[in-house]
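Trainee: here are the coordinates; sequence isn't available:
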């Protein structure tokens, strides 16, 4: 009967890999989050991107320091004052309904280290990392991550230098670096003139004599990445001035140059910001 009425197997046979349990991250929902870090190193995450982090309550003697817009399925990276990077699972961060938890309960930074940067993103997102001695490099977010509590050595600091808050590289237009010193010198150059690295000291951004940098006489006071056509806000003390792209042409130069002097009244730079 089989020979007379039978036919070939119609349901295919396939070899499968051994079944694996889903991870907590794969089962969790993907939510937009605002990650908030305080001056004293307390961290928390609020649902949504429409949160004003500076309006949250903080412990006595503490205040707002950094915030980052991310998603619950993307990791968070914190950079300390020694140039080390630490990775935290964003979906496990405490809720912003409370005042958060100290980072030192989740990671093991060197004694006395402070936190100087807060980042989140996908593996290929890029950031500019730099020291205020005027050296820096571009790094992909995936290269910042470390699994151990002691973190990863990331940014090498010249004598007397400090870590600057990282600058995100965004948009499709050709990005430019804007760097300004505490003496009012500012330089604009293409980001493409900087190398992409996974760790190290980086290349010179702006010309600051080594002796002046080591003695803290001159250092980088502001750093940002903008696209051609963007407007730059230069903050000096309690006041600021917006520079149009056409005005920034005056400060264009090759990477590593001394830069040009800002107008009087704006030479004591405290912050550079891209104006949306």
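Mentor: Happy to help now that I have it. For clarity, every value in this text was computed on a predicted model and none was experimentally measured.

Trainee: list the contacts for residue 75?
Mentor: Residues near residue 75 by CB atoms under 8 Å, 6 or more residues apart in numbering: 87-90, 120, 145. C-beta: built from backbone N, CA, C; applies to glycine.

Trainee: Give me the distance between it and residue 231.
Mentor: As judged by CB to CB, to the nearest Å, residue 75 and residue 231 stand 32 Å apart.

Trainee: so is residue 143 in a helix, a strand, or just coil?
Mentor: helix (DSSP: H, G, I helix; E, B strand; the rest coil).

Trainee: Just give the nearest non-adjacent residue to it, would you?
Mentor: residue 198 (4.3 Å; CB to CB, 6 or more residues apart in numbering).

Trainee: Doesn't the one you found lie inside a helix?
Mentor: No: counting by three-state DSSP, residue 198 is located in no helix; its state is coil.

Trainee: how many other residues sit next to it?
Mentor: Counted by other CB atoms under 10 Å, the residues lying close to residue 198 total 12.

Trainee: Surely it touches residue 137?
Mentor: No: Residue 198 lies out of contact with residue 137 (CB atoms under 8 Å); the separation is 9.0 Å.

Trainee: Helices of the chain, start to end?
Mentor: 2-5, 24-27, 210-214, 245-248 (DSSP state H).

Trainee: would a markdown table of those with distance to residue 116 be doable?
Mentor: A markdown table is the format used below for the helices of the chain (distance: least, CB to CB, whole Å):
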| stretch | distance to residue 116 |
| --- | --- |
| helix 2-5 | 76 |
| helix 24-27 | 27 |
| helix 210-214 | 17 |
| helix 245-248 | 26 |
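
Trainee: wait, which of those is closest to residue 187?
Mentor: Across the helices of the chain, the minimum distance to residue 187, taken as CB to CB, is reached by helix 245-248, at 10.3 Å.

Trainee: now the closest residue to residue 171 other than its chain neighbours: how far from residue 177?
Mentor: Of all residues not flanking residue 171 in the chain, residue 227 sits nearest, at 4.7 Å (CB to CB, 6+ apart). Residue 227 sits 11 Å away from residue 177, taking CB to CB as the criterion.

Trainee: Looking at those two, which has the bigger crowd around it?
Mentor: residue 177 (25 against 16).

Trainee: Wait, the more buried one touches residue 188, no?
Mentor: Yes: using CB under 8 Å, residue 177 makes contact with residue 188 at a distance of 7.2 Å.

Trainee: need the contact list for the nearest residue to residue 84 once chain neighbours are set aside.
Mentor: With sequence-adjacent residues excluded and distances taken as CB to CB, 6+ apart, residue 84 is closest to residue 151, at 4.2 Å. By CB under 8 Å, 6+ apart, the contact set of residue 151 is 80, 84-87, 107-109.

Trainee: Taking these, please make a ChimeraX selection of just the buried ones.
Mentor: Remark: buried members of those, expressed as a ChimeraX selection using 16 or more other CB atoms under 10 Å:
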select :80,84,85,86,87,107,109
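
Trainee: mind listing which of the contacts of residue 151 are in strands?
Mentor: Judged by DSSP state E, the subset of the contacts of residue 151 located in strands is 80, 84-87.

Trainee: Including distance to residue 141, mean pLDDT and mean neighbour count, could the helices of the chain go into a markdown table?
Mentor: Formatted as a markdown table, the helices of the chain follow (distance: least, CB to CB, whole Å; pLDDT from 0 to 100; neighbours: other CB atoms under 10 Å):
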| stretch | distance to residue 141 | mean pLDDT | mean neighbour count |
| --- | --- | --- | --- |
| helix 2-5 | 61 | 80 | 6 |
| helix 24-27 | 16 | 64 | 10 |
| helix 210-214 | 28 | 93 | 15 |
| helix 245-248 | 27 | 95 | 14 |
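
Trainee: And those helices: which comes nearest residue 18?
Mentor: When those are compared by CB to CB, helix 24-27 sits nearest residue 18, at 16.8 Å.

Trainee: ok, for residue 158, nearest residue in space, not its chain neighbours?
Mentor: Using CB to CB, 6+ apart and skipping residues adjacent in sequence, the residue nearest residue 158 is residue 133, 4.3 Å away.
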